[in-house]
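S.K.: Here's a sequence, model it:
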Amino acid sequence: MGPSVMGIVNVTPDSFFAATRTQARDEAVARGVELFALGCDIVDVGGESTRPGALDVPVAQELDRVIDVVAALAAHGPVSIDTRKAEVARAAVAAGAIVVNDVSGTLIDVAGDLGVGYVAMHSQGTPSTMQLDPHYDDVVAEVLAALTTMAQRARDAGVAQLWLDPGIGFGKTVEHNLSLVAHCGDFVEAARRFDAGVLIGTSRKRFLGSLGAQTLEVDERLEGSLATEAWALMSGAAMIRVHDAAAAVQLRDLLARPLSEVGS
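M.R.: Numbering: from 1, shown residues only. Take a look at the predicted model:
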């Protein structure tokens, strides 16, 4: 099976990319259905922004935002729940989600208990604090070590399917992010030891806007997103998490074709 594309539905008022956020359930469901139609393999539903500086959302509010959306979209295809809260993860799985996408790395036992897939992501700090002063002596080695520990815990907990995510933009500087992207192949190799895949999420992120001569705003970062997603896929990543589904699916499918076909 080839690499997968995870499309994003943010049922929030403050996620950083306007095109993927909505507070209206009907709009969120419609977006998710469209993502499946565009070729996404799984749709990731979130009810709490984890952008830098974002504040926590109360459990009841997050549940109110996502559960009906998850239930509706589960009838159309595979759904993951993007949450840091055990209560939300459990309710979303009961509503039909088959993967817990956990930026906090704290829900391993929950995913194992529920018998669903799990995305173990590395982060330093919380969304409200993570970009204040991120520091590593060796970012690649330290993130690899942390993800290896999480992978072993996940397998010990009986997690059904496992992806490791180095957490681009989650407590990292521009240089940290570039190092992690450049070493994607090292994360792929480490994940294989646990029969796991690597998930990469660079889409529209802030570091992509600071690489050229001019600072690029979020709506100007498509090219950088696609370039880093192509690198990740060519390095062996099993999944990319994207805002621009049509372009990402086309990219994934193009890279999957033999060079003889591309040149014909």
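
S.K.: how about the helix or strand that A60 is a member of as CSV, C-alpha atoms only?
M.R.: Of the helices and strands defined by DSSP states H and E, A60 is found in helix 59-74. Once side chains and other backbone atoms are set aside, the C-alpha atoms of helix 59-74 remain, and they are given as CSV (Å, rounded to 0.1, in the frame of the first residue of the first chain):
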residue,chain,number,x,y,z
VAL,A,59,-13.6,19.4,27.2
ALA,A,60,-17.3,20.0,26.8
GLN,A,61,-16.8,22.6,24.1
GLU,A,62,-14.4,20.4,22.2
LEU,A,63,-16.9,17.5,22.4
ASP,A,64,-19.7,19.7,21.1
ARG,A,65,-17.6,20.8,18.2
VAL,A,66,-16.4,17.5,16.9
ILE,A,67,-18.5,14.5,17.8
ASP,A,68,-21.4,15.1,15.4
VAL,A,69,-18.9,15.9,12.6
VAL,A,70,-16.9,12.7,13.3
ALA,A,71,-20.1,10.6,13.3
ALA,A,72,-21.3,12.1,10.0
LEU,A,73,-17.9,11.7,8.2
ALA,A,74,-17.3,8.2,9.4
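
S.K.: tell me the average confidence for it?
M.R.: In this model, helix 59-74 carries a mean pLDDT of 96.

S.K.: strands paired with the next helix or strand after that helix, and their directions?
M.R.: Remark: after helix 59-74, the chain's next helix or strand is strand 79-82, criterion DSSP H and E. Strand pairing for strand 79-82, using DSSP bridges, gives strand 42-46 (parallel), strand 99-102 (parallel).

S.K.: Compare those and give me the one nearest N10.
M.R.: Closest of the strands paired with strand 79-82 to N10 is strand 42-46, at 5.3 Å (criterion: Cβ to Cβ). Quick note: C-beta positions are derived from backbone N, CA and C, even for glycine.

S.K.: Next one: V93 relative to T50, how far apart?
M.R.: 19 Å (Cβ to Cβ, to the nearest Å).

S.K.: residue contacts, the residue lying closest to L144 once chain neighbours are set aside?
M.R.: Spatial nearest neighbour of L144, chain neighbours left out: A190 (5.7 Å); criterion: Cβ to Cβ, 6 or more residues apart in numbering. A190 makes contact with L144, L147, T148, A151, L164, according to Cβ atoms under 8 Å, 6 or more residues apart in numbering.

S.K.: quick one: which of these is most hemmed in?
M.R.: Per-residue neighbour counts (other Cβ atoms under 10 Å) across the contacts of A190 peak at L164, which has 29 neighbours.

S.K.: which outside residues touch the host helix or strand of L254?
M.R.: Per DSSP H and E, L254 falls inside helix 245-256. With contact meaning Cβ under 8 Å, 6+ apart, helix 245-256 is reached by 2-3, 5, 7, 34-35, 38-40, 203, 222, 225-226, 229-230, 233-234, 240, 242, 262.
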